[in-house]
Structure formats: structure tokens, C-alpha cells
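> The following comprises the amino acid sequence and a computationally predicted model.
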Amino acid sequence: MILVADEVREANAVVALETTLIAHGFPTGEGVAVGFESERRIREAGAVPATIGVLDGQIRVGLSGAELERFDLAARKIGPRDLAACVEQRAIGATTVGGTLAVCRAVGIRVMGTGGLGGVHRGFPNPPDVSADLGELARTPALVVSAGIKSLLDVPATLEVLETLGVPVLGFRTDDLPLFYSAHGGPPVPARVESAAEGAEIAATHWDLGGGGLLLARPPDTSLEDVEPLLEEALAAAARRNVKGQAVTPFVLAFLHERSEGRTLTANRELVVANAGLAAEVATALSASSR
Ligand code: PSU
Ligand code: MN
């Protein structure tokens, strides 16, 4: 049911990548380019990429170029609860952070890179929408590198839930949580680290204590300071058009990409690739340490 690529099985340092951002986070073609660029960055840093998704009735861990390109077409968005149905129904399944982590847990991958973690949607409890990314991160012993929590969400509420779930949040050379498109401005992080090696040490200790997932938040190099008004417009447009549940994040990202004349697109692409690179450094540090 799970097919792990030979290269991934044999590697010491592996970084998992999701396919939802390839299929639903970028315009057609762009997502695939971001996927390839992320994989390249991971290899440059001395690790092996394991892009994860569902194809032909199997959960695939590590994709060929041609296989990765299949996620450009209409793929289901697959959270943890959707994996089994997607496998049995032989649909193409693009895994979210949560869906990808569920597979990491099954095969023992310890590091993942992504853009922004899902979380508590603004306006909770109307709608009562909390991303499955949070629950899955709590139960999976893996470190996720992201540019913080997607700022279309209620970021302070999401940080509170991560505390409740016992998920350490580490700021990479920052004291406050990055806000996805903006490098700074979020709530203070509970701990700051100065290097990938330090993040790896903390993760290993957390796992020795029986802990689950950790978030390592890396501020994006390109910081857009003026997206909040556009974000509010996007969320209002989503509400007007009755866009709900799983469809909200893709709708908002597409709205922003269009209305910012591509500025959010460029920023999003860069931060996903940079996070993959940092994730690879953490993975190599973990494999180098004897723990
Ligand atoms: N980060 C990005 N682009 C994305 C996502 C994250 O830069 O498209 C995706 C991830 O797959 C994340 C999902 O798991 O959005 C969260 O969706 P929801 O809020 O519906 O759980
Ligand atoms: Mn949701």
C-alpha cells in the first residue's frame, strides 16, 4: 500500500514534501516547478527529497519527475482522514501537511518542509474549522519547517492550540513568529534557535522524551508587509461565494496571487524552496548526530 522509492529507503537524511501545495497552492505549472526546485534545493544540501502523494492506488514516498507532474492535474486534497479512501478509489491524491505527516509516521521520516502550516481559521467557532495539520503534527515525531502559520488564519489562536497539543515551536533566528508572507509580526516564539543543528538537537531530545512533532519557523527572505488588506478582501470574497472547508485555502492563495500581480506568488515560491533547504540541513544534522 505504501511504496517507498529505493533512493529514499537507502538515504540517511530524508526530507518529506507535500503535494497539496503543488496541486492547489499555485497556478497550473507553477506548483510543479516549485516541487522540482524544492527537491533540487534538498539535494544541494546533501539530503534526499521524498515527495509524498497517492497515485494508482498506492501511497508513494519519493516520486519521479513524470510522477510529480501528474499532481498538476485535478488531484484530490488529501488530509489524514482522506488517505484510505483515496488509495481504495485509486484517485490522484495530493497530501496536505497533515496527510504527508501521517505517511511520515507510517514510514519513519523525521523531517518535512512546507510553506505554511494550517491552523485555526479566523472567526472560530464560526466556522469551527481547524486544520488537521495540527492534530497530525502533535502525534507524529517529525520536525516541520515552515514560514510559520499561514496568515490567512488566526495565528495567535493556532499558536495556543499548538501549546495545548504539546508541539514545540522554534523560531529560526527570530524571536517572533513569521507570518508566512511577512518575516515578522507574529506572537513571540516559545524558543529561538540559531542553527539547523540546534533545531535537530532539540528535536532529538523532544523525541527521547516521547514527544511528537515540532515546528521550526523560518522567516521568509522576501517580506511583504502590506498583504493584510488583500487577505481580508480574499476572505470576504470566499465568504460571499460560500467557499468552505478544504476549498478556502486554495481559493485565498489564488485570489492573492492574482490580485497582488504575482508578488505573493514569488514570495510563496521562494519561501517554500528556502524551507525545503533548511529542512535538508536539519535532516543531515540529525543523521550526523549519533542520537
Ligand atoms: N503552504 C503553502 N501552500 C499551500 C499549503 C501550505 O505555501 O497550499 C497547504 C498545505 O498543504 C496545508 C494546507 O496542509 O494548505 C492546509 O489546508 P487546510 O487549511 O484546508 O487544512
Ligand atoms: Mn479546514
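Arrived safely. As the structure is a prediction and not an experimental result, all values here were calculated from the model. Ligands and ions are numbered 1, 2, ... in the order given.
> Could I get the contacting residues of residue 259?
By Cβ atoms under 8 Å, 6 or more residues apart in numbering, the residues touching residue 259 are 230, 233, 234. Placement of C-beta: from N, CA and C, glycine included.
> neighbour-wise, which of those residues leads?
residue 234 (24 neighbours; other Cβ atoms under 10 Å).
> Among the contacts of residue 259, which one sits closest to ligand 1?
Among the contacts of residue 259, residue 234 lies closest to ligand 1 (Cβ to the nearest ligand atom), at 13.6 Å.
> Settle this for me: that closest one is touching residue 250, isn't it.
No. Residue 234 is not in contact with residue 250 according to Cβ atoms under 8 Å; the separation is 11.2 Å.
> what packs against the longest strand anywhere in the chain?
Longest strand in the chain, counting residues (DSSP state E): strand 48-55. If you count contacts as 3 or more Cβ pairs under 8 Å, 6 or more residues apart in numbering; DSSP states H and E, strand 48-55 packs onto helix 6-10, strand 14-17, helix 30-44, strand 58-61, strand 76-78, helix 83-88, strand 93-95, helix 97-107.
> what about the ones you listed, which gets the closest to residue 238?
Proximity to residue 238 (Cβ to Cβ) singles out strand 76-78 among those, at 15.4 Å.
> separation between the residue of the stretch 1-150 of the chain found nearest ligand 1 and residue 237?
Residue nearest to ligand 1 within the stretch 1-150 of the chain: residue 115 (2.0 Å; Cβ to the nearest ligand atom). As for residue 115, its distance to residue 237 is 21 Å (criterion: Cβ to Cβ, to the nearest Å).
> who has more neighbours, these two?
residue 115 (28 against 14).
> Count the residues that sit near residue 33.
Residues contacting residue 33 under the criterion other Cβ under 10 Å number 14.
> Equivalent analysis for residue 69, please.
Neighbours of residue 69 (other Cβ under 10 Å): 15.
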